[in-house]
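> Following is a predicted model, sequence given first.
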Amino acid sequence: MIRVSSINKSFGKNQVLHDIDLTVYEGEVVVIVGPSGSGKSTLLRCVNFLETSESGEIYFEEELVVQKENAINKMRQNVGMVFQHFYLFPHMTVLENIIEGPTQVKKIKKQEAVAFAEELLKKVGLLDKKDFYPAMLSGGQQQRVAIARSLAMRPKLIMFDEPTSALDPELVGDVLNVMKNLAKEGMTMLVVTHEMGFAKEVADRVIFMDEGKIVEEGNPKSFFINPENPRVKDFLGCII
Amino acid sequence: MGYTLGGIYLSYDFSIIYEKFPIFIPAAIETLKISAAAILVGVIFGLIIAFGRLSKIKIIYYISTLYVTIIRGTPIILQLFIVYFGLANIVRLDPFPSAVIAFGAHNAAYIAEIFRGSILSIDKGQMEAARSIGMSNFLAMRRIVLPQAFKRAVPNLGNQFIIAIKDSSLASTIAVGELLLKAQQLGSSNFRFMEYLVLAGIYYLIITGVLSIFVNKLEKRLAVSER
């Protein structure tokens, strides 16, 4: 559904992505792991044009996404993103955060948007907090609201950029559960994470990135139990 | 023939402050009118200039930066005189409009920097999150970034309003009937400068005091959604 072809990205003199090719198929859960600075987050951000790559193309549903405002905005309605630091809109309530996209971008009627929003809040277990402001919620709750906010746009793919890295360990589980349920329901997901347990349990494919390159790719079983690449072996050895 | 240090003609009669207090009300209203109008102009143009200062288009950035530099680098009374006296060859403006235009242009430069600062202080992630749900730059600015930026700008804007109240006194130099001119006129006709100046001072204190309280209340109300 998303195809990334020959992506190169540099920040100044520092080349962060080298000729990256990646495809995510419908219904897949693809997890990207790797050391800090390997370019995982940058890759995600290139996919939805939060960063612009120097070369390479992004294809969404087989169509090339041109680097023009209209095309990008349209694609972003279908490709959601959940950030490490949630970035909920602090001047709006939880409910208002979730209906913002549908009402302002898709011009959906408020009643309809609210109904769907409440459904989503039920799904992530936070319906009782719908009139709260983000500042009143814990990190884990805020992240679950952020996921609901993404889901409100009915995206075809959701990207997660280290969604639990900023959370207290106790709160991580709730967020991962929401993500697991999403995967079970067939949502296409591209996840950058350090949560190896999640990758093992939920991923259809695991990708290891190091120094801006994709070093190894495979299904979780072969990846975690029998990695080929020595660099991957080192990395896994440190965490598991 | 010696020198005199000056003489004490009469002693102060501060009861005048109490007696003549109501006489100054129209002048106080004039002061408020000038300040309010100048702030309104300042906020509208200040926002425009702030975007100019944030623009990636070089020519727009340079023009707005030049504007801010000139206004902040020259005395406000000079700017007032340029509008009232200097422009007289092209367009003859009355004192009140001159004051509003000059002070408005002056405030715009300072308010532009206030807005620029508050917009920049909003986490980049807010913009990114807004764009990620498909919002255009314009929509994201209008719905997400600017509302937060305005909230942050309130204390500084309140300050600018108080400064504008005090700056309005400069309009006395071009015969606008505000508080300071009134004080000078009555003071010179009665040889009671101190009393009328103190009276004007009390009016200024009341106005800026009430304004400060109001801004404080506004700040507290807006902070409801923050921790």
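Thanks, I have it. Residues are numbered from 1 along each chain as shown, chains lettered A, B, ... in the order given.
> Now do the helices in chain A.
Secondary structure of chain A (DSSP state H): helices at A:40-47, A:69-78, A:94-104, A:110-124, A:139-151, A:169-184, A:196-202, A:220, A:230-239.
> near chain B, which residues of chain A show up?
Residues of chain A found near chain B (CB under 8 Å from any CB of the partner chain) are A:48, A:50, A:69, A:73-74, A:76-77, A:80-81, A:83, A:85, A:87-91, A:100-101, A:104-106, A:133, A:135-136, A:146, A:149-150, A:152-153. No exception for glycine: its C-beta is placed from N, CA and C like everyone else's.
> So which residue is smack in the middle of chain B?
By CA atoms, centre = their mean, chain B has its centre lying nearest to B:A164, at 2.4 Å.
> Let me know the secondary structure of the nearest residue to B:F214 once chain neighbours are set aside.
Nearest residue to B:F214, sequence neighbours excluded (CB to CB, 6 or more residues apart in numbering or on different chains): B:G158, at 7.9 Å. Secondary structure, DSSP: H, G, I helix; E, B strand; the rest coil: B:G158 is helix.
> Could you list every helix and strand in contact with the helix or strand of chain B with the lowest mean pLDDT?
One helix or strand of chain B scores below all others by mean pLDDT, DSSP states H and E: helix B:15-19, with a mean of 82. In this structure, helix B:15-19 packs against helix B:193-222, with contacts taken as 3 or more CB pairs under 8 Å, 6 or more residues apart in numbering or on different chains; DSSP states H and E.
> out of the residues of chain A next to chain B, which are buried?
A:48, A:50, A:73, A:76-77, A:80-81, A:83, A:85, A:87-91, A:100-101, A:104-105, A:133, A:146, A:149-150, A:152-153 (16 or more other CB atoms under 10 Å in any protein chain shown).
> Show me what from chain B comes close to chain A.
Checking chain B against chain A by CB under 8 Å from any CB, the hits are B:123, B:125-126, B:128-137, B:139, B:143-144, B:147-148, B:151, B:224-227.
> among these, which are in helices?
B:125-126, B:128-132, B:137, B:139, B:147-148, B:151.
> Taking those residues, please make a ChimeraX selection of just the buried ones.
Only the buried entries of those go into this ChimeraX selection, using 16+ other CB under 10 Å:
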select /B:126,128,129,130,131,132,139,148,151
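> The ones in helices among the residues of chain B next to chain A: which two are farthest apart?
Spatial extent of these (CB to CB) is set by the pair B:S132 and B:K151 at 22.5 Å.
> How about B:A175: what's its closest non-neighbour residue?
B:P95 (5.3 Å).
> and if you look at A:V114?
A:V114 sits nearest to A:I99 (CB to CB, 6+ apart), 5.8 Å away.
> The residue lying closest to A:G140 once chain neighbours are set aside: what's it in contact with?
Excluding its sequence neighbours, the residue lying closest to A:G140 (CB to CB, 6+ apart) is A:L171, at 3.0 Å. Neighbouring residues of A:L171 by CB atoms under 8 Å, 6 or more residues apart in numbering or on different chains: A:138-141, A:143, A:164.
> what do you get for A:R45?
By CB under 8 Å, 6+ apart, the contact list for A:R45 reads A:51, A:161.
> model confidence over stretch B:99-109, on average?
In this model, stretch B:99-109 has a mean pLDDT of 96.
> what sits up against that stretch?
B:34-35, B:37-46, B:49, B:67-68, B:71-72, B:76, B:79-80, B:82-84, B:93, B:160, B:164, B:167-168, B:170-171, B:174, B:176.
> Kindly recompute the last result at 6 Å.
Residues from elsewhere that reach stretch B:99-109 (CB atoms under 6 Å, 6 or more residues apart in numbering or on different chains): B:34, B:37-38, B:41-42, B:45-46, B:49, B:68, B:71-72, B:76, B:79-80, B:83, B:171, B:176.
> same deal with stretch A:20-34?
A:1-5, A:7, A:40, A:183, A:186, A:188-192, A:199, A:202-210.
> Of the residues you listed, grab the buried ones for PyMOL.
Applying 16+ other CB under 10 Å to the contacts of stretch A:20-34, the buried members can be selected in PyMOL as follows:
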select buried, chain A and resi 1+2+3+4+7+40+183+188+189+190+191+192+199+202+203+204+205+206+207+208+209+210
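> mind listing which of the contacts of stretch A:20-34 are in strands?
Counting by DSSP state E, the contacts of stretch A:20-34 place A:2-5, A:7, A:188-192, A:205-210 in strands.
> A:A115: how many residues sit nearby?
12 (other CB atoms under 10 Å in any protein chain shown).
> Show me the shaky parts of chain B.
When residues are selected by pLDDT under 70, those of chain B lie in B:1-10, B:224-227.
> Okay, the nearest residue to A:D168 once chain neighbours are set aside and B:I207: tell me how far apart.
Distances taken as CB to CB, 6+ apart put A:G139 closest to A:D168, at 6.6 Å, once the chain neighbours are dropped. Between A:G139 and B:I207 the distance is 46 Å, computed by CB to CB, to the nearest Å.
> So the two - more neighbours on which side?
B:I207 (19 against 16).
> Please name the residues that touch the more buried one.
Shown in contact with B:I207 (CB under 6 Å, 6+ apart): B:I165.
> For B:F85, the count of nearby residues, please.
The burial count for B:F85: 12, using other CB under 10 Å.
> Dihedrals phi and psi, it?
With angles defined as degrees, to the nearest 10, B:F85 sits at phi -90, psi -50.
> residue contacts, it?
Contacts for B:F85 (CB under 6 Å, 6+ apart) come out as none.
> B:A175 versus that one, what's the distance?
B:F85 is 12 Å from B:A175, by CB to CB.
> and what of B:L139?
From B:L139 to B:A175 the distance is 48 Å (CB to CB).
> what do you get for A:E211?
A:E211 is 74 Å from B:A175, by CB to CB.
> between these two, who's got more neighbours?
With neighbours defined as other CB under 10 Å, A:E211 and B:A175 compare such that A:E211 has more, 15 against 12.
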